[in-house]
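For reference, the sequence and a predicted model appear below.
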Amino acid sequence: VLAGFASTLKADGITTTQAFVNRTDSVVGQEQLAAHFPGGLGTPTIVISNEAQLAEVAAAAKATPGVASVLPYTGPGRPDPAAKPVIVDGRGLLQVTLEAAADSPAAGDTVMALRDNVHAVSGADALVGGQTASQVDVNEASRHDRNLIIPIVLAVIFLILILLLRAVVAPVLLIVTVVLSYFATLGVCALLFNHVFGFAGADTSFPLFAFVFLVALGVDYNIFLMTRVREESKKEGTHAGILKGLTATGGVITSAGIVLAATFLVLGVLPLVFLRELGIAVAIGVLLDTFIVRSALVPALAYDIGQRIWWPSALAREPQPELAAQESETADAGT
């Protein structure tokens, strides 16, 4: 259920003014400027194109929704609309002021539309840069890295678990529970950030950082538990091995989880939204993993699957001591 709320997490980026928990002097000053002037006045977007198409590119930029003004670069100091643009190596520069704050998601949308418009001008070879364009590229790189790194990390962990446990079913179970725990954590964070703490959103890199921390910690606890369960299963059988393995490692996993959650929760008192969100997310994820996933969900599912959890290793086919004992008792009772 909690994992279903992960889709409501707003991780599209936040502005500089939204990055502080408290209202600092710089935040108040920026809000005052934005109230009386275009939000992107202090950090205009830069457009460079060939000299012959400079006027056409300027017209395309002005026609872009969200653009407040377009002025050619005429030299150091305040732009002079009456002066001739400075041309260097056949290229001219335009200063495009956006209506929204330069680091806001709205400004990012404007820059993407601006790029489409100026790139459509034939022969201009237009390039769009500046703070907003850089942030758009960083956000896009973050999304690309997240979509690439997460599957690779899961695949590598899966292979390591196969080699360690010498089974396929058990690693599949552990990977599924780790991913479920991650999405449940994002769901809890979405509820807290949106409705309790009132954060404007989260940085685009937040889901990836949370994934790296939570999966690394969750897999550690998986290894502690399942390696002990495998050792006990060889001697006592799978069902008894699960119970003994959980008993032997439960205290260690619980203690480590509490200490680790408390450590990361310290980040929750910092005045920066990103660090506060990351600390809260890791603390919640570790506690969910410690008290629900590792202590209840994994052992229960493994117990239900039984001996098949070790497929295709020989342990999945060996006679189980507990079954042999039951058959012996049944035979004795029959005689």
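Arrived safely, thanks for sending.

ok, which stretches of the stretch 1-150 of the chain are strands?
Using DSSP state E, counting those that start in this stretch, the strands of the stretch 1-150 of the chain run over 45-50, 67-72, 87-88, 91-98, 127-129.

Describe which strands the longest one pairs with in its sheet and in which direction.
Right, strand 91-98. strand 45-50 (antiparallel), strand 67-72 (antiparallel), strand 87-88 (antiparallel) (DSSP bridges).

which residues touch the second one?
Pointing back at strand 67-72 there. Contacts to strand 67-72, defined as Cβ atoms under 8 Å, 6 or more residues apart in numbering, come from residues 38, 40-41, 47, 54, 58, 61-62, 79, 81, 85-86, 92-99, 110, 114. All C-beta atoms are positioned from the backbone trio N, CA, C, and that covers glycine.

Then the first one?
Under the contact criterion Cβ under 8 Å, 6+ apart, strand 45-50 has outside partners 57, 61, 70, 90-98, 102, 111, 114, 118, 121, 123-133.

If any of those are buried, put those into a ChimeraX selection.
With 16 or more other Cβ atoms under 10 Å as the burial test, the buried ones among the contacts of strand 45-50 are selected in ChimeraX as follows:
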select :57,61,70,91,92,93,94,95,96,97,98,102,111,114,118,121,124,126,128,130,131,132,133
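
And the pLDDT for the closest residue to residue 64 other than its chain neighbours?
The shortest distance from residue 64 to any non-neighbouring residue, by Cβ to Cβ, 6 or more residues apart in numbering, is to residue 114 (4.7 Å). We have a pLDDT of 96 for residue 114.

Output the strands paired with strand 91-98 in a markdown table; the columns should cover distance to residue 253.
Shown next, in a markdown table, are those (distance: least, Cβ to Cβ, whole Å):
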| stretch | distance to residue 253 |
| --- | --- |
| strand 45-50 | 51 |
| strand 67-72 | 56 |
| strand 87-88 | 63 |
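
closest one to residue 152 among those strands?
When the strands paired with strand 91-98 are compared by Cβ to Cβ, strand 45-50 sits nearest residue 152, at 34.3 Å.

same question for that closest one, mean pLDDT?
Averaged over strand 45-50, pLDDT sits at 95.

Run the chain-centre distance for that strand.
The gap between where strand 45-50 is centred and where its chain is centred comes out at 33 Å by Cα atoms, centre = their mean, to the nearest Å.

One more: stretch 213-232?
A distance of 23 Å separates the centroid of the chain from that of stretch 213-232, by Cα atoms, centre = their mean.

any chance you could map the helices in the stretch 51-200 of the chain?
For the stretch 51-200 of the chain, the helices defined by DSSP state H, counting those that start in this stretch occupy 54-62, 105-119, 131-165, 169-191.

Relative to residue 16, which of the ones you listed is closest?
Between residue 16 and these, the shortest separation by Cβ to Cβ is 10.1 Å, and it involves helix 131-165.

Just want the angle from that closest one to helix 169-191.
Here helix 131-165 points in a direction 150 degrees away from that of helix 169-191 (axes from the mean of the first three to the mean of the last three Cα atoms, to 10 degrees).

in helix 131-165, what's buried?
Buried residues in helix 131-165 (16+ other Cβ under 10 Å): 131-133, 135-136, 139, 142-143, 146, 150, 153-154, 157, 161, 165.

as a whole number, average confidence for that helix?
Mean predicted confidence for helix 131-165 is 91.

before we move on, the earlier item: is the residue nearest to residue 64 in contact with residue 61, as I believe?
Yes. Using Cβ atoms under 8 Å, residue 114 is in contact with residue 61, at 6.1 Å.

Can you pull the residues that touch both of those two?
47, 67, 96.

Tell me the one of those residues nearest residue 201?
Using Cβ to Cβ, the shared contacts of residue 114 and residue 61 come closest to residue 201 at residue 67, 23.9 Å.

if I look at the closest one, how far off is residue 209?
Going from residue 67 to residue 209 by Cβ to Cβ, to the nearest Å gives 33 Å.

So which of these two has more stuff around it?
Higher neighbour count among residue 67 and residue 209: residue 67, with 22 against 18, using other Cβ atoms under 10 Å.
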